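S.K.: next one to model:
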Amino acid sequence: MIRLVLPIALALVGAGCATASKEAAAPKPAMSPRANAPSPLADARMRLANVAEANANLDVASEIYRTALAGDPNNIDVRLRQANLLASQGRFAEAAAGLEQGLKVRPQDPALLLAAGRARVRSGDIAAARGHFQQLLKVEQDHVEGLNGLGVTADLAGEHAIAQRHYARALRSAPEHPGARNNLALSLAMSGKVPEATEGLGALRATDATSIPIRHNLALATAMGGDLAGARRLLGSDLTPAEQDAFLASAAILRSGGAQN
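M.R.: Okay, the predicted model is just below:
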């Protein structure tokens, strides 16, 4: 049951849970790794895809990416854009499969490895995700997002002590990284160290008092510590009473699972 509940709370990017990198999501010229300059036609197509996505014409954007990759299957930027689009539709396995096609050509590309690992986490294939993050760390030994992702896969497998080592290593390189701070605190809660978890999440909330995910994660840790009334206060009007009940039931599942590891 732990694997069903944890993705709600664990943060893959910053304090949120995006699948593709921020760099991949930003508009960029459509450059192939083999090219010295973007093709004007390809650049125009990517701009059209940006407009299509902004107007929720996802089929149009998808067709642009499909056509672009048919002409240049090694274009990493388009691979990442296509994966981002698929992930936004909840099609995580398809997103990962496309990224892995790119990895056949560029097996050590950090952006592809990171995005593929995140997509595999979201698709539920933890073993494949772990493999991508491990490969990323072979390419860049202290890649913070790779360490954070590897920690997530360990937590999802119930290996909380291992996960905490990955988060701690990430935080040595980037002490303020919100995703690693969030995940370390939740991992501590699942391993029975609730006071440390709530302290960490409380400190994180102090840096962003308006963040709903951080507040909900603090509520989760608070509930795991047995303070159900305090958890409900933190949830406030964000959730209906029935949704709060389901949330607290998830906390109870995580608490019982964490005590076994």
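S.K.: residue ranges with poor pLDDT in the stretch 1-150 of the chain?
M.R.: 1-9, 11-38 (pLDDT under 70).
S.K.: quick one, helices of it?
M.R.: 2-5, 22-25, 40-54, 58-71, 76-88, 92-105, 110-123, 126-139, 144-156 (DSSP state H, counting those that start in this stretch).
S.K.: do you know which of these lies nearest Asn183?
M.R.: helix 144-156 (5.7 Å; C-beta to C-beta). Every residue, glycine included, has its C-beta placed from N, CA and C.
S.K.: now do the closest one: which elements does it pack against?
M.R.: Counting contacts by 3 or more C-beta pairs under 8 Å, 6 or more residues apart in numbering; DSSP states H and E, helix 144-156 is packed against helix 110-123, helix 126-139, helix 160-173, helix 178-190.
S.K.: angle of the helix or strand following the last one against helix 178-190?
M.R.: The first helix or strand that comes after helix 178-190 along the chain, using DSSP states H and E, is helix 194-207. The directions of helix 194-207 and helix 178-190 differ by 160 degrees, with axes from the mean of the first three to the mean of the last three C-alpha atoms, to 10 degrees as the criterion.
S.K.: using PDB, list the CA coordinates for the helix or strand just after helix 194-207.
M.R.: As assigned by DSSP H and E, the chain's next helix or strand after helix 194-207 is helix 212-224. Output of helix 212-224 as PDB, limited to C-alpha atoms (Å, rounded to 0.1, in the frame of the first residue of the first chain):
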ATOM      1  CA  ILE A 212      -0.400  24.200  -0.200                       C
ATOM      2  CA  PRO A 213       1.800  21.000  -0.900                       C
ATOM      3  CA  ILE A 214       4.100  21.900   1.900                       C
ATOM      4  CA  ARG A 215       1.300  22.600   4.300                       C
ATOM      5  CA  HIS A 216      -0.400  19.300   3.300                       C
ATOM      6  CA  ASN A 217       2.900  17.400   3.800                       C
ATOM      7  CA  LEU A 218       3.200  19.000   7.300                       C
ATOM      8  CA  ALA A 219      -0.400  17.800   7.900                       C
ATOM      9  CA  LEU A 220       0.600  14.300   6.800                       C
ATOM     10  CA  ALA A 221       3.600  14.200   9.100                       C
ATOM     11  CA  THR A 222       1.500  15.600  12.000                       C
ATOM     12  CA  ALA A 223      -1.200  12.900  11.400                       C
ATOM     13  CA  MET A 224       1.500  10.300  11.400                       C
END
